[in-house]
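**Student:** Pasted the sequence and its predicted model underneath.
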Amino acid sequence: MNFQNITNLSLVTNELKIEEFIYSFLSSIGGLTSCINIIMFWNLKSLDKTYKFYLISSLVDLFYSFIVAFYSLYSCGSLCDSLNSNSLSKSIYMLVLDDYFTSCLAICNIFIELYLSTQRYLLIKKRKLVEKFKTCVIISAIFTISLIYYSPILFIKKIIKTKDDGYETIRTKFGETNLGSTIPIILSCIRLILASFILLIINILTLFYFTKYMKKKIQINGFESNLSGNQMETNSNVRPKEQRENKARKNVTLMVISIAFTYSFGTIPYAMYYGLSELLNTHNFFIDEVLSRIGRTGLRLLVIFKIVIFFNFNRIYHQSFKQALKKIFRIA
């Protein structure tokens, strides 16, 4: 191997190392913002049922960020390869945590967003079908479905011991069959359809009917402003409370729609990468270099960006956040 090849190999290794640590840094920020969201929604959970779901969603984000933050310890370049390339911990991490559990967490949050978006749509349409179920029942069902949904992944690959007393992950006999190689593609396609098309369509409809609903409210308020003095006195005590409730509903609805739109666009690249990489099972520059980077970055930015949406679109969250900061600075 000549000097130029050694230099190129060194550059590739260093580039990979820097890239993985950037991903870990973004994941750590996502974990921090998730902790803040957990604290905020824990204090707000009694005000609205939606906040309970965002509390669970933030916990899911925290676990997800915590898991992917450790990826750089196994893929930081030649140093990590020399330390743990054949270790059992790496094989377990890659198969159970990185492949299976993070996928379960991702689909879990998609299901939560689907539920909240459907709930908000039905609320605007004045239908209360989903309100009949308790929050704990819905969350338990979502977690159970999520864990079962990606369970085939555990049967496609297995961990074996190598001749040099190391460990590696290989495809099982089932994973080498046409059905086994097709399952990850099917799962990714369903996830892609749920996140991009169904969630997007529900929220477009919600946004449409919500805009229509708000225009109607403005017209009603305009009509009420022309009422006689006696009628105004009758409604004067009710109106401030109604205005606060309407504004709160508006903020929560805008928050749900914004988060759902972010999920739709944030999860598409990685779902496409995962499905195509499993389908082709060979190195492809666009899939493994371009789509992979966009997808991994998008998932991490998605977690980070949620706190910005909560802060800007929800007045109660905004006020609680500012009050919490004031308390912290007073203690300090």
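**Tutor:** Yep, that arrived.

**Student:** where does the chain have low pLDDT?
**Tutor:** Within the chain, the segments meeting pLDDT under 70 span 1-17, 75-85, 128-132, 217-249, 275, 278, 281, 329-332.

**Student:** got the residue ranges for the strands in it?
**Tutor:** 157-161, 167-171 (DSSP state E).

**Student:** buried residues in the first one?
**Tutor:** By neighbour count with 16 or more other Cβ atoms under 10 Å, strand 157-161 contains the buried residues 157, 158. No exception for glycine: its C-beta is placed from N, CA and C like everyone else's.

**Student:** cool, and stretch 299-313?
**Tutor:** Residues of stretch 299-313 classed as buried by neighbour count (16+ other Cβ under 10 Å): 299, 300, 302, 303, 304, 305, 306, 307, 309, 310, 311, 313.

**Student:** from these, which ones fall inside helices?
**Tutor:** 299, 300, 302, 303, 304, 305, 306, 307, 309, 310, 311, 313 (DSSP state H).

**Student:** Could you dump those residues into TSV and include distance to residue 176?
**Tutor:** Formatted as TSV, those follow (distance: Cβ to Cβ, whole Å):
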residue	distance to residue 176
299	29
300	32
302	34
303	35
304	38
305	39
306	39
307	43
309	43
310	45
311	49
313	48
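
**Student:** which of the residues you listed lies closest to residue 125?
**Tutor:** residue 313 (21.4 Å; Cβ to Cβ).

**Student:** Wait, that closest one touches residue 258, no?
**Tutor:** Yes - the pair residue 313 and residue 258 qualifies as a contact (Cβ atoms under 8 Å) at a distance of 5.6 Å.

**Student:** residues in contact with residue 254?
**Tutor:** Residues in contact with residue 254 (Cβ atoms under 8 Å, 6 or more residues apart in numbering) are residue 313.

**Student:** Quick one: the strands of the chain as a markdown table, columns for distance to residue 252 too.
**Tutor:** Putting the strands of the chain into a markdown table (distance: least, Cβ to Cβ, whole Å) gives the following:
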| stretch | distance to residue 252 |
| --- | --- |
| strand 157-161 | 42 |
| strand 167-171 | 44 |
